[in-house]
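[1] need a 3D model of the following:
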Amino acid sequence: MAAARFVARVRAATARCRERDRAVLDGYRPIGGDFPGMGEHWIDVRTLFSGTFTPEQPPILEYATIDGRPALIGVAYALPLLPGEMPPALPGNVAWHSHIGTVEDESDLLSQAMESHGSMRGARLAMIHVWAWLPNPAGTFDADNWALPFVRAGLAPPATDPGSVAGRVVSLASGGDAFYERAFLSVAGATGSDSVAVHRALATARISAAAWVARNRGADADHQALEELPRVWAVMWETLDASLGSGARTRLLPLRNR
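    As a prediction, the model looks like this:
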């Protein structure tokens, strides 16, 4: 199968970069933030701007801190495309996603909220993720890996895709709260009482997420346990609805609907 062969080539080529110090020596540098469902992006600028696509030379390595150590979890490829150009056929019948921003925008919640990843018209950056080192229950080439927050929190990764909402809630217990607070404040343009409201809503949600993680650590979270997580996210938004000014609340709508 073409996809399996492609992943095997990626793993063989990047095995030495499982130690991040090796990646640094090879020229990779961090860009952007630490996204709850993707981790950190480390980019080799020379490869990125070469405009070529070689499975053995990914321009982006993705790392996440797990058990206190940086771990290679996957790679990504990025190609600038002109109008009418299409991404490569490799690694088979999979969905490259595209956006009109930069590679750094890949880690930006606003960018993801405002763009259509399915659009292939106009000049854009085409990207594909390959979860070669951390299995993704949603699919090896899916953009987000929502098993990552579970692993970071010391939980067994779910056997099936938990979905973005469940993943986001679990991420609150391992640094995702800071990510979402920055994103919400930026998108909402929140100051004064609105910024306090965002902080309090996320702090309360983080406490609920941490309690859920504590209850489920040491055992596989079953379907019933996973069903508790969307309610934490919903309560957070209900709190924001009740405490934000109308302007900030309206500006946050694109994020709420993702």
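[2] scan the chain for its longest strand.
    strand 69-81 (DSSP state E).
[3] any buried residues in that one, and which?
    For strand 69-81, the neighbour count (16 or more other Cβ atoms under 10 Å) marks Pro70, Ala71, Leu72, Ile73, Gly74, Val75, Ala76, Tyr77, Ala78, Leu79, Leu81 as buried. Where C-beta positions appear, they are placed from N, C-alpha and C, glycine not excepted.
[4] SS state for the closest residue to the second one other than its chain neighbours?
    Nearest residue to Ala71 in three dimensions, chain neighbours excluded: Ala64, at 5.9 Å (Cβ to Cβ, 6 or more residues apart in numbering). Secondary structure state of Ala64, per DSSP: H, G, I helix; E, B strand; the rest coil, is strand.
[5] okay, Ala64 and Leu72: tell me how far apart.
    Ala64 sits 9 Å away from Leu72, going by Cβ to Cβ, to the nearest Å.
[6] for the protein, what are the low-confidence residue spans?
    Scanning the chain for pLDDT under 70 picks out 100-123, 221, 257.
[7] could you redo the last one with a cut-off of 90?
    1-3, 32-33, 48-52, 79-126, 157, 159, 190-191, 217-225, 254-258 (pLDDT under 90).
[8] so which residues of it form helices?
    Secondary structure of the chain (DSSP state H): helices at 2-14, 20-25, 45-48, 109-114, 148-152, 164-171, 176-188, 193-216, 223-226, 229-243, 246-251, 253-256.
[9] Glu85: which of those is closest?
    Nearest to Glu85 among these is helix 45-48 (16.9 Å), distances taken as Cβ to Cβ.
[10] same list, the helices of the chain, but as CSV with mean neighbour count please.
    Shown next, in CSV, are the helices of the chain (neighbours: other Cβ atoms under 10 Å):
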stretch, mean neighbour count
helix 2-14, 16
helix 20-25, 14
helix 45-48, 16
helix 109-114, 18
helix 148-152, 25
helix 164-171, 24
helix 176-188, 19
helix 193-216, 18
helix 223-226, 12
helix 229-243, 16
helix 246-251, 15
helix 253-256, 14
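[11] out of the ones you listed, flag the one nearest His99.
    With Cβ to Cβ as the criterion, His99 lies closest to helix 109-114 of those, at 6.3 Å.
[12] wait, doesn't His99 sit right on Leu125?
    Yes - counting by Cβ atoms under 8 Å, His99 touches Leu125, with 6.1 Å between them.
[13] how far away is the spatially closest residue to Asn216 that is not a sequence neighbour from Pro83?
    Nearest residue to Asn216 in three dimensions, chain neighbours excluded: Ala225, at 5.6 Å (Cβ to Cβ, 6+ apart). Ala225 sits at a distance of 47 Å from Pro83 (criterion: Cβ to Cβ).
[14] between the buried residues of strand 69-81, which sits nearest Gly167?
    Relative to Gly167, and with distances defined as Cβ to Cβ, the nearest of those is Ile73, at 13.8 Å.
[15] list the residues that contact the closest one.
    Ile73 sits next to Gly39, Glu62, Tyr63, Ala64, Trp131, Trp133, Leu134, Asn145, Leu148 when contact means Cβ atoms under 8 Å, 6 or more residues apart in numbering.
[16] can you add distance to Ala173 and give these back as a markdown table?
    Formatted as a markdown table, the contacts of Ile73 follow (distance: Cβ to Cβ, whole Å):
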| residue | distance to Ala173 |
| --- | --- |
| Gly39 | 16 |
| Glu62 | 21 |
| Tyr63 | 20 |
| Ala64 | 14 |
| Trp131 | 22 |
| Trp133 | 22 |
| Leu134 | 18 |
| Asn145 | 17 |
| Leu148 | 13 |
